[in-house]
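[1] Starting from these lines, generate the structure:
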Amino acid sequence: TCLKFDFISSDGVYSGGAISPGLQMRYEALHSFTDQLPLLAPAEETPLIGNSTAQSIHSGIVNGMIAEIEGITASYQNQFANVRLILTGGDSRYFLNHLKKSIFADPELTLKGLQFILLHNCTQ
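    Predicted structure coming up:
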C-alpha cells in the first residue's frame, strides 16, 4: 500500500495530494534493493535509536513515516486554517497510536466511500 495525502477544502473541493511508499513497501524496498538487509514485518515497539540491524530498520521506517505524516500535516496547518487529519487504509491502525496529533482513523473509509457511491449510482 501507499501513504496518501489528499487535500480536500472545507467546501469539499479536492485540491490534490501526495503519494509515497507505504509501510510494507518500505520494508520490502530495503530488503529488495540492498544485498544484506533482512525482510522484516512491522514491530509492535519501535525504538527511536536502534541498537541492531533489525531495530535500526524499524526505527528508520516507522519513525520516518511518522515524521513524514506529522511534517506534511504541520505544513498544511501552517498554510491553511482548521486542517483535520483523517487517517485511512490498512496501516492506519498501526500509526494511530504512534502519532502525536489528535486524528480520526477509519481503515475502511475509502471502501465505505466507494460503496456509498456505488449504492448511490445504483439507485439513480
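[2] Mind checking what helix or strand follows the lowest-mean-pLDDT helix or strand in the chain in sequence?
    Sorting the helices and strands of the chain by mean pLDDT, DSSP states H and E puts strand 104-106 at the bottom, at a mean of 58. Toward the C-terminus, strand 104-106 is succeeded by helix 109-122 as the next helix or strand (DSSP states H and E).
[3] if you average pLDDT over that following helix, what comes out?
    For helix 109-122, the mean pLDDT works out to 79.
[4] Could you do stretch 72-81 as well?
    The model assigns stretch 72-81 a mean pLDDT of 86.
[5] Can you tell me what sits against it?
    5, 7, 18, 83, 85, 101 (CB atoms under 8 Å, 6 or more residues apart in numbering). Placement of C-beta: from N, CA and C, glycine included.
[6] farthest pair in these?
    Spanning the widest gap among the contacts of stretch 72-81 are Ala18 and Lys101, at 17.3 Å by CB to CB.
[7] Can you report how many residues lie near Thr7?
    Heads up, residue 7 is Phe, not Thr. For Phe7, the tally of surrounding residues (other CB atoms under 10 Å) stands at 15.
[8] Next: Lys112.
    Lys112: 12 surrounding residues under other CB under 10 Å.
[9] measure it to Phe80 for me?
    25 Å (CB to CB, to the nearest Å).
[10] Repeat that for Glu68.
    On the measure of CB to CB, Glu68 and Phe80 end up 18 Å apart.
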